[in-house]
Each structure stands twice: as C-alpha cells, then as structure tokens.
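Asker: Kindly generate the corresponding structure for this input.
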Amino acid sequence: MPSGPHHPTEAARLVVLVSGSGTNLQALLDAAAAPSFGAAIVAVGADRDGIEGLARAERAGIPVFVERVGDHATRDEWDEALAGKIAAYKPDLLVSAGFMKILGHRVLGSFPVVNTHPALLPSFPGAHAVRDALAYGVRVTGCTVHLVDAGVDTGPVIAQEAVAVRDGDDEDTLHERIKTVERRLLVEIVGRMAREGWTVSGRRVRLGRA
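Answerer: Okay, the predicted model is just below:
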C-alpha cells in the first residue's frame, strides 16, 4: 500500500472498482459532477460483465474495463493484469466500491486504495459483518472507511461513524441503514482526500496538508 504525503494540486483522478449494483459508485458519480468535489472518475473497472455498476458508468460516459479472475491461470496473473488496466488511467486514488475480490500485491503496491466496511473495524471484519454484529448482540455498529492493505479489512482507518442497532433489526434492515451512512461517509472522505491530501504514519491517516 503506497503511503506518505499526498498533496494534490489539481482534480484527483479516481478509478473505481465495482462488482455489483454500484450504489456507492453512483454516490461518487453524483458528487464528482460538481467541480468543487475536487476529483474526477476517469474509469470504472469490474471483475465481471453485465452488472449495473458498469451500466451506471457507461450512462455517465465513463470508460469501463473488465478483468475476470477466470481468464487467468492464477490469482497473481489476474492481479498483474488488473494492475495494468488500472495504471492505464493514471489514477491518484483507487476506490473499491463493493468490489468483491481481494486485491493482490501488484495493485496494492502501485496505488493507494480506499474501501468501506459495514462495521466499526477492527470489530467484525470479513464478508458477513452485519450478520456477525447482530449475532454478537451489539447495540451499536457502523461503518468504516479505510485504506486497503494485504490483510482482510486490516488497513489503517480513515473515518468511522456509528449506527445504532434497533430492537427488531434483521440483517437487511440494519445493513440498509449502514449503507446510507456508508455512501455519505465514502463521498466525504474521498472528496477530502482529493482536495486536501493525506498522510499515512503507521496506522494513522491524517487528512490535510502537513
């Protein structure tokens, strides 16, 4: 994961990775339509064809690309090919917006990557965070925006916001409330990173110029 000071002097170039419906992507597309956001989405990539996330990008006139794991003999070869596709757009920041594949060292070593997670990390990492939080019986959960490293939801935390667990919540109702917060927080943080820059020191991420 690239780290260190990042001090943009013009609109940041974003590449967004999606695997499904692309609701987080849509929130970023809407925000990036305003010049004051400070970032432009220059491409949207996916690991499969025929998804709404790619359709959203195409409707917005954004270039798209697909790199399927199954088209490669190994995950390492897929990671290398994906890194090459991303690099062609010269991004300042890579946003994983519901991308359901674990990125390898070639991608993570080449670009800073931002991701969201529907829990307050380090609690409840992994693919079933909302279900796990409900099963544990917590009264408060939330969402995390973090930088991605080689682990599973272990990268440095950039921002978090709490979401209360209500009596009678099931996985769907709780996840929908978390998603609402998640979209807003992702847009806020990506915009701030684009406009203000950021610095990584150990596990601390500081937004703004030093």
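Asker: Leaving out chain neighbours, which residue sits closest to residue 182?
Answerer: Distance criterion Cβ to Cβ, 6 or more residues apart in numbering; nearest residue to residue 182, sequence neighbours excluded, is residue 143 at 4.2 Å. No exception for glycine: its C-beta is placed from N, CA and C like everyone else's.
Asker: For residue 208, see how far away that neighbour is.
Answerer: 22 Å (Cβ to Cβ, to the nearest Å).
Asker: Tell me which of those two has more neighbours.
Answerer: Set side by side, residue 143 and residue 208 show more neighbours around residue 143, with 26 against 12, by other Cβ atoms under 10 Å.
Asker: Sticking with that one, tell me its helix or strand.
Answerer: Following DSSP states H and E, one finds residue 143 within strand 140-147.
Asker: strand partners of that strand, parallel vs antiparallel please.
Answerer: Note on strand 140-147: by DSSP bridges, its sheet partners are strand 113-117 (antiparallel), strand 157-164 (antiparallel).
Asker: Pick the most deeply packed of these.
Answerer: Highest mean neighbour count among those (mean count of other Cβ atoms under 10 Å): strand 113-117, with a mean of 23.
Asker: now that one: mean pLDDT?
Answerer: Computed over strand 113-117, the mean pLDDT rounds to 97.
Asker: With stretch 203-210 instead?
Answerer: For stretch 203-210, mean pLDDT is 88.
Asker: Give the buried residues for it.
Answerer: Under the neighbour-count criterion of 16 or more other Cβ atoms under 10 Å, stretch 203-210 has residue 205 buried.
Asker: Residues touching it, excluding its own?
Answerer: 5, 7, 147, 156-158, 189, 192-193, 196-200 (Cβ atoms under 8 Å, 6 or more residues apart in numbering).
Asker: ok, 10 Å please
Answerer: Contact partners of stretch 203-210, identified using Cβ atoms under 10 Å, 6 or more residues apart in numbering, comprise 3, 5-8, 114, 145-147, 149, 154-159, 189, 192-193, 195-201.
Asker: Those in strands, which ones?
Answerer: For these, membership in strands holds for 114, 145, 146, 147, 157, 158, 159, 198, 199, 200, 201, with DSSP state E as the criterion.
Asker: Who does the second one form a beta bridge with?
Answerer: I take that to be residue 145. residue 116, residue 159.
Asker: Give me the distance between it and residue 202.
Answerer: Per Cβ to Cβ, residue 145 is found 18 Å from residue 202.
Asker: Where do the strands of the protein begin and end?
Answerer: Assignment of strands within the chain using DSSP E yields the ranges 12-18, 39-46, 64-66, 93-96, 113-117, 140-147, 157-164, 198-201, 204-207.
Asker: from the middle of its chain, how far away would the longest helix seen in the chain be?
Answerer: Ranked by residue count and defined by DSSP state H, the top helix of the chain is helix 171-196. With Cα atoms, centre = their mean, to the nearest Å as the basis, helix 171-196 stands 10 Å off its chain's centre.
Asker: Over to stretch 106-117?
Answerer: Distance, stretch centre to chain centre, for stretch 106-117: 8 Å (Cα atoms, centre = their mean).
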